[in-house]
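1. Next comes the sequence, and after it the predicted model I'd like to discuss.
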Amino acid sequence: MFKPALIFAILFCLTMGKAFSQGQDKTILFQVQIVANNGSEYLPMAYVYNPKAGRGALSDNFGRADLLVFPGDSLVFTYIGYKKQYYIIPKSVEQVQQKIISMDEDSKMLAEVKVFPHASEEEFKQAFLNMRLRDERQRAILANNLEQSKLNVYALQAGLGAASNFRNFSDMMTSAQSNKSFYASPLLSLTNPFAWMSFIQSVKNGDLKKKDWKKAYEFMPKENISRQMFIRDNSKN
C-alpha cells in the first residue's frame with residue numbers, strides 16, 4: 001500500500017509540473033482584420049470569440065480587433081450574413097501576431113411561397129369585377145371627357161397655336177408682298193369692273209362738280225409773305 005506522504009508527493013509533483021508547463025506559454029497579442037471574401041469590404045462589429053478563455057472582442061469600423069490569447073487557442077469569427085470562420089493560434093514565440101481573416105457570405109435560397117387571397121381564379125375574377133373604387137365618380141367623368149367624339153369636337157373648336165399663327169401670318173405677308181404690284185397696276189384699275197362701278201356712282205352723285213377741294217387752297221399762305229402779314233390777314237378773316 002502507498003503511504004499518504006508518498007501520494008501527496010506524487011500529486012505535488014504533478015501539480016507543479018503542470019503549473020510549470022503553463023508558465024512556459026507566453027501571452028500573445030492577436031491583432032486581426034476581418035474583411036469580406038472579395039477583400040474590398042471591411043466588416044465592422046464582427047465578433048471574435050475565444051471559447052477556451054470565455055471572452056471575445058468586436059471589430060471597429062475598419063474590421064480591426066485586438067485580443068490576448070495563448071498558443072493553441074481556437075478562435076471563432078461570426079458576422080451576420082456570413083459563414084463562421086475558425087482560426088487556431090500557432091505555437092509561436094512571437095508576442096504579437098497579425099492576421100487577416102476573410103469571411104464568405106452565407107447565401108440561403110428560400111423556397112418560393114405564393115400567397116393568394118382567393119380560393120380560385122373564378123372567385124378572384126368575381127371580386128375584381130365587383131370592386132368599387134373610392135374615386136369611381138371622378139373616373140367616370142374622366143372617361144366621359146376623353147371620349148373620342150368629344151375630343152374631335154374640341155380639336156375643331158380649338159384656335160390656332162403659336163406656331164400656326166406665326167405660319168399663317170408669314171403666309172399672308174408673303175402673299176401681300178407678291179401681289180403688291182398686281183393690285184397697284186393701272187391696267188388692273190381700267191379692267192376692274194368694281195372700279196368702273198365706283199366711278200359711275202360718283203359721277204351720278206355729282207362728286208366731280210364739287211369744289212370742296214379748292215377751299216384748302218384759300219388758307220395756304222401766299223408767296224413772299226412775312227409771318228406778321230400772314231397773321232394780320234387771318235385775324236381780319
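-> Arrived safely, thanks for sending. Quantities reported herein were computed from a predicted structural model and do not represent experimental measurements. Residues are numbered from 1 along each chain as shown.
2. CA atoms only for stretch 97-105, dumped as CSV, please.
-> Included here for stretch 97-105 are C-alpha records, laid out as CSV according to Å, rounded to 0.1, in the frame of the first residue of the first chain:
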residue,chain,number,x,y,z
GLN,A,97,0.6,38.1,-34.3
GLN,A,98,-1.3,39.8,-37.1
LYS,A,99,-3.8,38.1,-39.3
ILE,A,100,-6.4,39.0,-42.0
ILE,A,101,-9.5,36.8,-41.8
SER,A,102,-11.7,36.7,-44.9
MET,A,103,-15.3,35.6,-44.4
ASP,A,104,-17.7,34.1,-47.0
GLU,A,105,-21.2,35.3,-47.5
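3. can you pull out the strands in this protein?
-> 28-36, 47-50, 55-58, 64-69, 74-78, 85-88, 96-103 (DSSP state E).
4. among those, which is nearest A158?
-> Among the strands of the chain, strand 28-36 comes nearest to A158, with 62.7 Å by CB to CB. Using the backbone N, CA and C atoms, a C-beta is placed for each residue, glycine as well.
5. Could you pull out the buried residues of the closest one?
-> Applying a neighbour-count criterion of 16 or more other CB atoms under 10 Å, one finds I28, F30, V32, Q33, I34, V35, A36 buried in strand 28-36.
6. shaky segments in this protein?
-> 1-25, 93, 133, 177-191, 208, 210-227, 230, 233-237 (pLDDT under 70).
7. any chance you could map the helices in it?
-> 4-24, 121-129, 136-145, 148-157, 162-178, 180-183, 186-191, 193-204, 215-218, 227-236 (DSSP state H).
8. okay, the angle between the fourth one and helix 136-145?
-> Orientation check (axes from the mean of the first three to the mean of the last three CA atoms, to 10 degrees): helix 148-157 against helix 136-145 gives 60 degrees.
9. Can I get helix 148-157 in CSV, CA atoms only?
-> What follows is helix 148-157, C-alpha atoms only, in CSV (Å, rounded to 0.1, in the frame of the first residue of the first chain):
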residue,chain,number,x,y,z
GLN,A,148,-63.1,60.3,-78.9
SER,A,149,-66.1,62.1,-80.4
LYS,A,150,-65.8,64.9,-77.9
LEU,A,151,-62.0,65.1,-78.4
ASN,A,152,-62.7,65.6,-82.2
VAL,A,153,-65.1,68.5,-81.4
TYR,A,154,-62.6,70.1,-79.0
ALA,A,155,-59.9,69.9,-81.7
LEU,A,156,-62.2,71.6,-84.3
GLN,A,157,-63.1,74.4,-81.8
